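**Student:** the following comprises the amino acid sequence and a computationally predicted model.
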Protein chains: 2
Amino acid sequence: MLKLKTAAIEKISHKDYFNIALSVDCVIFSYQEKALKVLLIESDLKEFEGMHSLLGDLVKPGEDLDEAPYRVLQERTGLKDVYLEQVHTFGNVERHPSGRVITTAYFSLVDAKHSKLKLTHNDVAWHNVAGVNRLAFDHKMILDTCLQQLREKVMEHPIVFNLLPEKFSLRELQDLYEAILGIELDRRNFRKRITAKDWLVDLNEMEEDVPHRPGKLYKLRPGLKKTGRLLSGVEQKMAV
Amino acid sequence: MLKLKTAAIEKISHKDYFNIALSVDCVIFSYQEKALKVLLIESDLKEFEGMHSLLGDLVKPGEDLDEAPYRVLQERTGLKDVYLEQVHTFGNVERHPSGRVITTAYFSLVDAKHSKLKLTHNDVAWHNVAGVNRLAFDHKMILDTCLQQLREKVMEHPIVFNLLPEKFSLRELQDLYEAILGIELDRRNFRKRITAKDWLVDLNEMEEDVPHRPGKLYKLRPGLKKTGRLLSGVEQKMAV
DNA sequence: ACAAAAGTGTTCACGGTACACCCATGA
DNA sequence: TCATGGGTGTACCGTGAACACTTTTGT
């Protein structure tokens, strides 16, 4: 027969066993000036002076892992109810010069222009994703991983609407897809694919103040917006 | 101008800030008796007496996160160079009764019959995945998440061959796919799809000792076997 | 001869791609 | 009237799904 430990006993034996810090890093995407942007902060570590890094923080003792990126988002941008998705956990021993820090990466999609986004520090700024070459820590790899995941997901799941205002034209939507995927799309085929998905509602309104023929405006069909608390694990994959 | 901290200073200020334990849990799949199996151990926690759990361990201070599941596999099964894939990190505050433990889940594919697998404890055993109802901790959710990821990946990437002996017939391969996906497949369509992928090499050998017409034997085309160290992040997604 | 599984081709529906013209608006 | 982008349809191709009969071997 096995000797069973109680959780309390195990807790004692584990205490001080090791001390690994756990953080979350957020790849916060937005869409501005026809380009995909990512929110970066100037690194405050001497080792990475002059470089930028993702927004992140240590996970607090009483905080669910999946809550931490919401807190980071709220603290840094003032935004609640953003779209967030866990991507990967990076845990090489030498990834952080301060010591052993393992980080779980999330990406987030926000509408930087039309939500009441408030950047809390002036060393936080938007950067073109395509122009980011080097980041502090392993953050370039994290960015690449998140971008890749975004690209894989974007045609099958209605998530990019988190990057747009409530009303948008098909042209704006197509420009956004092209910015994310980094390729050009055929307009007719794009419209067929999108309308076939039944994601959109025709608002019977037109663009205004455009220097050409105005396009029709659409919004995301109610009930498709995925925001608020993260689903974990299999639920996340099951959803739509 | 910003005041820059050195990493050494940051290390001090973070020390004792919190104490979260980090573990890995392995969903070790195998294929036996025409069924997908998972390796489970009897829980040694009183809270989960009589229940099973996944094989896992705490990540060691000097150990890369992605190394930990290899160590667990080796310690528990004697196997090296197994196929491993990081899936998701689970970090709800209350998921572990011993305290704050965040766990990164991996799945692994092993050939239980034909490799020199040595189970190190007799309370470790194979279970039919389809028959697993309840596990200790949140391990059922972890199992479900990993199974889902396996199912999504299996048609696009040549990974299931890690579950088979080197030589196999198309019928065995199809049975394996059916066990993983939980559905029946049309034989002609299956063969067309598989052969179209150029994953297989015809060995010009036949099955032996079968009580019916023997089928041809195949092996995985050299160079496609993905094993050994994990690629991280974007590299993992880029590969094939 | 029979049982059991191996092996093989065609048809159809669907989704993706390539491609060109007319229309509405503002300047 | 011109420039700019809005809006639309058709033909082709490749992939996946449905579907049945003949062949080979062991008993």
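**Tutor:** Now that the structure is in, tell me what you want to look at.

**Student:** contacts only, for the residue in chain A positioned nearest to DNA strand C.
**Tutor:** Closest to DNA strand C within chain A is A:Arg213: 3.2 Å, counting by CB to the nearest atom of the strand. The C-beta positions use only the backbone N, C-alpha and C, and glycine is treated the same way. Not one residue lies near A:Arg213 by CB atoms under 8 Å, 6 or more residues apart in numbering or on different chains.

**Student:** do the same with A:Lys118
**Tutor:** A:77-78.

**Student:** the longest helix seen in chain A and DNA strand C in contact?
**Tutor:** What stands out as the longest helix in chain A, according to DSSP state H, is helix A:139-153. No: on the criterion CB under 7 Å from any atom of the strand, helix A:139-153 is out of touch with DNA strand C, staying 13.8 Å away.

**Student:** tell me the buried residues in that helix?
**Tutor:** Buried positions in helix A:139-153, judged by neighbour count with 16 or more other CB atoms under 10 Å in any protein chain shown: A:139-150.

**Student:** could you confirm whether that helix reaches chain B?
**Tutor:** Yes: Helix A:139-153 reaches chain B (CB under 8 Å from any CB of the partner chain) through A:141-142, A:144-145, A:147-149, A:152.

**Student:** parallel or antiparallel, which strands does the longest strand along chain A pair with?
**Tutor:** Secondary structure of chain A read by DSSP state E shows that its longest strand is strand A:21-32. Here strand A:21-32 has these sheet partners by DSSP bridges: strand A:35-42 (antiparallel), strand A:55-58 (antiparallel), strand A:101-109 (parallel).

**Student:** all strands for chain A, in order.
**Tutor:** A:21-32, A:35-42, A:52-53, A:55-58, A:83-90, A:101-109, A:124-128, A:168-169, A:200-206, A:216-220.

**Student:** show me which residues of chain A are close to DNA strand D?
**Tutor:** Residues of chain A lying near DNA strand D by CB under 7 Å from any atom of the strand: A:169-171, A:187-189, A:191-192, A:211-216.

**Student:** now render these as TSV, adding pLDDT.
**Tutor:** Listed next are these as TSV, based on pLDDT from 0 to 100:
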residue	pLDDT
A:Ser169	97
A:Leu170	97
A:Arg171	97
A:Arg187	97
A:Arg188	97
A:Asn189	97
A:Arg191	97
A:Lys192	96
A:Pro211	90
A:His212	92
A:Arg213	94
A:Pro214	95
A:Gly215	96
A:Lys216	97
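
**Student:** quick revisit: distance to B:Asn162 for the strands of chain A - can I get that in CSV?
**Tutor:** Below are those laid out as CSV (distance: least, CB to CB, whole Å):
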stretch, distance to B:Asn162
strand A:21-32, 30
strand A:35-42, 36
strand A:52-53, 37
strand A:55-58, 34
strand A:83-90, 21
strand A:101-109, 27
strand A:124-128, 40
strand A:168-169, 45
strand A:200-206, 42
strand A:216-220, 41
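
**Student:** could I get those strands as TSV with mean neighbour count?
**Tutor:** Below are the strands of chain A laid out as TSV (neighbours: other CB atoms under 10 Å in any protein chain shown):
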stretch	mean neighbour count
strand A:21-32	24
strand A:35-42	21
strand A:52-53	20
strand A:55-58	20
strand A:83-90	24
strand A:101-109	25
strand A:124-128	15
strand A:168-169	20
strand A:200-206	13
strand A:216-220	19
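
**Student:** for B:Glu47, which of the ones you listed is the nearest?
**Tutor:** Closest to B:Glu47 of the strands of chain A, according to CB to CB: strand A:21-32, at 23.2 Å.

**Student:** for A:Asn204, what are its contacts?
**Tutor:** A:Lys216.

**Student:** residue ranges in chain A under the pLDDT threshold?
**Tutor:** A:1-18, A:228-240 (pLDDT under 70).

**Student:** please parse it into its domains.
**Tutor:** Following automatic domain parsing, chain A resolves into domains at A:19-155, A:160-220.

**Student:** can you put the ones you listed in TSV and add distance to B:Ile102?
**Tutor:** Listed next are these as TSV, based on distance: least, CB to CB, whole Å:
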stretch	distance to B:Ile102
domain A:19-155	6
domain A:160-220	27
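
**Student:** select, out of these, the one closest to A:Thr227.
**Tutor:** Across those, closest to A:Thr227 is domain A:19-155 (CB to CB), at 4.8 Å.

**Student:** for the closest residue to A:Arg193 other than its chain neighbours, phi and psi?
**Tutor:** Leaving aside its chain neighbours, A:Arg193 sits nearest to A:Met155 (7.9 Å; criterion: CB to CB, 6 or more residues apart in numbering or on different chains). Here the main-chain torsion angles of A:Met155 (degrees, to the nearest 10) amount to phi -80, psi -20.

**Student:** burial measure for A:Met155, as a count.
**Tutor:** Using other CB atoms under 10 Å in any protein chain shown, A:Met155 is surrounded by 13 other residues.

**Student:** then A:Ile159?
**Tutor:** A:Ile159: 19 neighbours (other CB under 10 Å).

**Student:** distance of the residue lying closest to A:His121 once chain neighbours are set aside from DNA strand D?
**Tutor:** Distances taken as CB to CB, 6+ apart put A:Ile41 closest to A:His121, at 6.9 Å, once the chain neighbours are dropped. A:Ile41 is 34 Å from DNA strand D, where distance means CB to the nearest atom of the strand, to the nearest Å.

**Student:** how far away is A:Ile41 from A:Glu178?
**Tutor:** In this view, A:Ile41 and A:Glu178 are 28 Å apart by CB to CB, to the nearest Å.

**Student:** cool, A:Phe190 as well?
**Tutor:** For A:Phe190, the distance to A:Glu178 - CB to CB - is 9 Å.

**Student:** equivalent analysis for A:Leu224, please.
**Tutor:** A:Leu224 sits 21 Å away from A:Glu178, taking CB to CB as the criterion.

**Student:** and if you look at A:Lys192?
**Tutor:** 16 Å.

**Student:** the more surrounded of the two?
**Tutor:** A:Glu178 (15 against 11).

**Student:** touching, the more buried one and A:Leu185? I think so.
**Tutor:** Yes: if you go by CB atoms under 8 Å, A:Glu178 and A:Leu185 touch, sitting 5.7 Å apart.

**Student:** so what's the gap between stretch A:208-220 and the chain middle?
**Tutor:** On the basis of CA atoms, centre = their mean, to the nearest Å, stretch A:208-220 sits 28 Å off its chain's mean C-alpha point.

**Student:** what helices or strands is the longest helix of chain A leaning on?
**Tutor:** strand A:21-32, strand A:83-90, strand A:101-109, helix A:170-181, helix B:234-238 (3 or more CB pairs under 8 Å, 6 or more residues apart in numbering or on different chains; DSSP states H and E).

**Student:** please export the C-alpha coordinates of that helix as CSV.
**Tutor:** C-alpha atoms of helix A:139-153 as CSV (Å, rounded to 0.1, in the frame of the first residue of the first chain):
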residue,chain,number,x,y,z
HIS,A,139,10.7,38.9,-26.9
LYS,A,140,11.4,38.9,-30.6
MET,A,141,10.8,35.1,-30.7
ILE,A,142,7.6,35.6,-28.6
LEU,A,143,6.4,38.3,-31.0
ASP,A,144,7.1,36.0,-34.0
THR,A,145,5.3,33.1,-32.3
CYS,A,146,2.2,35.2,-31.5
LEU,A,147,2.1,36.7,-35.0
GLN,A,148,2.3,33.3,-36.5
GLN,A,149,-0.6,32.1,-34.3
LEU,A,150,-2.6,35.1,-35.2
ARG,A,151,-2.1,34.5,-38.9
GLU,A,152,-3.1,30.9,-38.6
LYS,A,153,-6.2,31.7,-36.7
